[in-house]
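Peer 1: Here is a sequence with its predicted model. Questions after.
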Amino acid sequence: MMRIRVHLALLAAVLLLIACATTGINRFQPNLFTEEQEIELGKRFSREVQKQYPLYTDAQVTAYLSRIGQRIVRVSDWPDLPFSFYVILDTAQVNAFALPGGHVYVYTALIREAESEAELAGVLAHEIAHVTARHATERLTLMYGYEFALQLLLGENPSELSRLVANLFATGGLLAYSRKNELEADRLGVAYLMRAGYNPRGFLTFLQKLQRLAQRKPSRIEIWFSTHPDTEERIRRVQKIIRGKESGTWNTPAFQQIRSRVP
Ligand code: ZN
């Protein structure tokens, strides 16, 4: 009996390793949420974000953003998760973020700052990768433990949920991911970009742009840099990954048109 159990455990471990090898995602991090719970939690977070941040609801811009986003989601590691894409009206901060369960927010200033569809797609792919790798629920579990996180999910602690959203980007906030999380989101994001037919160089040039902005107008990317450290190292790593693979869509007339619509 004992031996059978050991064999089963070994078999399970081997199957788990195979599953991880195919997705390339590190599923060994402590994350007790089921996918359904993560989706439910994401809905609550997203509703709270929309109470606290002004949305830019131009239908044409939102539809365009969703079209690029869905093209990337389809080739991601979680293609059947229903993603939603939103624009936040903020002409100062160059930023984007994703909530658990597939809610991606892009600031109008970031759309203005992008120079091609590949750059915008690069940012979206990075944010989508944070979701498919489940970084937010992983972080929530580390911050609060499963029990308390579950209370948030069940709506038993609305004041704490709104406090969390108000401090999304603060040190120790929900979206202050670890260096490991960022590097993983970069690696996965670049893979998704290429699979979706975009030139992965778009992500690289956007990172370089952020680095230049950091020197020229640091206040415009304060939030991004508080949640995305080590840009220098990220640039180096992305350069290495995409070397020799720099082909695919770079820009489209639709991007130029949308960018000129955005304030
Ligand atoms: Zn990130």
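Peer 2: Great, that's in hand.

Peer 1: quick one, what contacts Trp78?
Peer 2: Gly102, Val131, Thr132 (Cβ atoms under 8 Å, 6 or more residues apart in numbering). The way it works is simple: take the backbone N, C-alpha and C, and place the C-beta from them, glycine included.

Peer 1: Of these - the most surrounded one?
Peer 2: Highest neighbour count within the contacts of Trp78, by other Cβ atoms under 10 Å: Val131, with 26 neighbours.

Peer 1: Could you report the pLDDT at that residue?
Peer 2: For Val131, the pLDDT comes out at 96.

Peer 1: I'd say it and Phe97 touch.
Peer 2: No: judged on Cβ atoms under 8 Å, Val131 makes no contact with Phe97 at a distance of 10.5 Å.

Peer 1: any common contacting residues for these two?
Peer 2: Common contacts of Val131 and Phe97 (Cβ under 8 Å, 6+ apart): Val104.

Peer 1: re earlier: any chance of the contacts of Trp78 in TSV, with secondary structure and distance to Glu182 too?
Peer 2: Formatted as TSV, the contacts of Trp78 follow (DSSP: H, G, I helix; E, B strand; the rest coil; distance: Cβ to Cβ, whole Å):
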residue	secondary structure	distance to Glu182
Gly102	coil	19
Val131	helix	14
Thr132	helix	14
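
Peer 1: Glu232 should be in a helix, yeah?
Peer 2: Yes: under DSSP: H, G, I helix; E, B strand; the rest coil, Glu232 sits within a helix.

Peer 1: Leaving out the residues flanking it, which one is nearest to it?
Peer 2: The shortest distance from Glu232 to any non-neighbouring residue, by Cβ to Cβ, 6 or more residues apart in numbering, is to Gln211 (7.3 Å).

Peer 1: and the one you found, how many neighbours does it have?
Peer 2: The number of residues packed near Gln211 is 15, by other Cβ under 10 Å.

Peer 1: ok, residues contacting the strand or helix carrying it?
Peer 2: Using DSSP states H and E, Gln211 maps to helix 201-216. Defining contact as Cβ under 8 Å, 6+ apart, one finds that helix 201-216 is touched by 94, 113-123, 125-126, 186, 189-190, 193, 220-221, 224-225, 231-232, 234-235, 238-239, 242, 246, 250.

Peer 1: Please repeat the previous calculation with a cut-off of 6 Å.
Peer 2: Residues outside helix 201-216 that contact it (Cβ atoms under 6 Å, 6 or more residues apart in numbering) are Ala118, Glu119, Ala121, Gly122, Val190, Arg220, Ile221, Thr231, Arg234, Ile235, Val238, Glu246.

Peer 1: Neighbour-wise, which one of those leads?
Peer 2: Ala121 leads these on contacts (other Cβ under 10 Å) with 31 neighbours.

Peer 1: what pairs with the residue lying closest to that one once chain neighbours are set aside across the strands?
Peer 2: In this structure, Ala121 finds its nearest non-sequential neighbour in Tyr198, 4.7 Å apart by Cβ to Cβ, 6+ apart. Here Tyr198 sits in beta bridges with Thr249, as judged by DSSP bridges.

Peer 1: quick one: pLDDT of Tyr198?
Peer 2: For Tyr198, the pLDDT comes out at 98.

Peer 1: what residues are up against it?
Peer 2: Neighbouring residues of Tyr198 by Cβ under 6 Å, 6+ apart: Ala118, Ala121, Gly248, Thr249.

Peer 1: Please state the offset of the helix or strand containing the second one from the chain centre?
Peer 2: In other words, Ala121. Secondary structure assignment for Ala121, by DSSP H and E: helix 117-132. Helix 117-132 sits 6 Å away from the centroid of its parent chain (Cα atoms, centre = their mean, to the nearest Å).
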